[in-house]
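Engineer: have a look at this prediction, sequence included:
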Number of protein chains: 2
Amino acid sequence: MSTVLQQHIRKFVDVSDEDLTSILSYFEKVALTKKVNLLEEGKVCKYDYFVEKGCLRLFFVNNKGVEKTIQFAIENWWMADYTSLQLQTPSEFYIQAVEKSEVLAISVANRETMLALHPKMERYFRLVHQKAHAAAQYRTRYLGDYSKEQLYLHFSRNFPEFVQRVPQHLLASYLGLTPEYLSELRARRIS
Amino acid sequence: MSTVLQQHIRKFVDVSDEDLTSILSYFEKVALTKKVNLLEEGKVCKYDYFVEKGCLRLFFVNNKGVEKTIQFAIENWWMADYTSLQLQTPSEFYIQAVEKSEVLAISVANRETMLALHPKMERYFRLVHQKAHAAAQYRTRYLGDYSKEQLYLHFSRNFPEFVQRVPQHLLASYLGLTPEYLSELRARRIS
């Protein structure tokens, strides 16, 4: 079924072809057009999503009605509201396709069954979440330390592909800049 | 050895007494006086720490020389710079005992050996990191949405014990408030 997820799993754990076939059978393939929501505020997050192609974002609408993006997921990243997923409580987030995307979705129940059958996948998900936890620590550090210009430079140096790809107003929202200031920074770098 | 960690592990996974004894044998008990550093900027994070008693904080020193706290760990929480721990690269953080504390430390090598022997612990750590990842998503949401006053109210409502216990200047640093503004908010709530 999926060669993208297959390769990603094998980067972290050693699983047989037979096990992989069984593991992948618990996922549903979902094709998304741009701006489709996979989760909306007030709804329960029922799936954990793996991005095979395209890009998702996690955002909330603040008390002034402005969308604030707090995470992106491109190929090989997972995305869910993990509080809502784990506790099956209503979410305070939206998950939306930034561009035409293909994701693999696994429901909470399927994930539990799959993990019971394939305990090696606990290690895979442990490493995935540990990496995300690690990234959140450094993101908080840079947001609290860098000037807005340094933040943008740090981001373009470390994730150049990403900066090229994500619409500028969403990148600005993620970095806490105004779209105007972001284009000014980009213009300054190019000139 | 440790009844605190033992109980915490059993909240998430089912392990025999024999296995637990073996698991705990990979940890070292460390007693800390207030303000002792377990990790310093520029050093490699060699241990993952579980708090049995007391409180740790993860902080960095910003470009103005000011300490900024980004995480606390009280009883039953884990703490490490997970980037530095995983990649064995120098850290950009400090880990410090906020008060007299007792922690259990497991080295990277011991953690790998223990996980290979007790794969059930992968599930335990998967759930620990998934919870931390989930908490980081909501923390980012509240920091980006709430006014400073709302942030403090949200925090005192959800973690009352914690707010009582952590020194006020550290709590202020964590919430992004000045210590003066925090005492003003507290005074307003009490009156």
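Structural biologist: Received it, and whenever you're ready, just let me know what you need.
Engineer: from now on I want contacts and neighbour counts done on CA atoms only, so please keep to that.
Structural biologist: OK.
Engineer: what angle sits between the helix ranked longest in chain A and helix B:120-145?
Structural biologist: The single longest helix within chain A, with elements called by DSSP state H, is helix A:120-145. Relative orientation of helix A:120-145 versus helix B:120-145 (axes from the mean of the first three to the mean of the last three C-alpha atoms, to 10 degrees): 30 degrees.
Engineer: what residues of helix A:120-145 count as buried?
Structural biologist: Residues A:120-138, A:140-142, A:144-145 are the ones in helix A:120-145 that count as buried (16 or more other C-alpha atoms under 10 Å in any protein chain shown).
Engineer: pLDDT at the closest residue to chain B within chain A, what is it?
Structural biologist: Nearest residue of chain A to chain B: residue A:126, at 3.8 Å (C-alpha to the nearest C-alpha). Note on residue A:126: pLDDT of 97.
Engineer: same for the longest helix of chain A, what does it pack against?
Structural biologist: Helix A:120-145 sits against helix A:3-12, strand B:67-73, helix B:82-87, helix B:120-145, with contacts defined as 3 or more C-alpha pairs under 8 Å, 6 or more residues apart in numbering or on different chains; DSSP states H and E.
Engineer: off-centre distance for the first one?
Structural biologist: A distance of 16 Å separates the centroid of the chain from that of helix A:3-12, by C-alpha atoms, centre = their mean, to the nearest Å.
Engineer: the residue nearest the centre of chain A: what's it in contact with?
Structural biologist: In chain A, the residue lying closest to the centroid (C-alpha atoms, centre = their mean) is residue A:73, at 2.7 Å. With contacts defined as C-alpha atoms under 8 Å, 6 or more residues apart in numbering or on different chains, residue A:73 is in contact with A:51, A:55-57, A:79.
Engineer: so which of those are in strands?
Structural biologist: Mapping these onto strands (DSSP state E) picks out A:51, A:56-57, A:79.
Engineer: most neighbours of all these, which one?
Structural biologist: Greatest neighbour count in the ones in strands among the contacts of residue A:73, by other C-alpha atoms under 10 Å in any protein chain shown, goes to residue A:56: 33 neighbours.
Engineer: thought residue A:94 was touching residue A:84, still the case?
Structural biologist: No. In this structure residue A:84 lies outside contact range of residue A:94 using C-alpha atoms under 8 Å: 11.5 Å.
Engineer: contact residues of chain A facing chain B?
Structural biologist: A:60, A:62-63, A:68, A:70, A:81-83, A:119-120, A:122-123, A:125-127, A:129-137, A:140-141, A:144-146 (C-alpha under 8 Å from any C-alpha of the partner chain).
Engineer: residue ranges with poor pLDDT in chain A?
Structural biologist: For chain A, the stretches flagged by pLDDT under 70 are A:1-2, A:190-191.
Engineer: tell me how far residue A:106 lies from residue A:129.
Structural biologist: Distance of residue A:106 to residue A:129, computed by C-alpha to C-alpha, to the nearest Å: 16 Å.
Engineer: re earlier: of the contacts of residue A:73, closest to residue A:156?
Structural biologist: Nearest to residue A:156 out of those is residue A:55 (C-alpha to C-alpha; 17.2 Å).
Engineer: give me phi/psi at that closest one?
Structural biologist: Residue A:55 has phi and psi values of phi -160, psi 130 when expressed as degrees, to the nearest 10.
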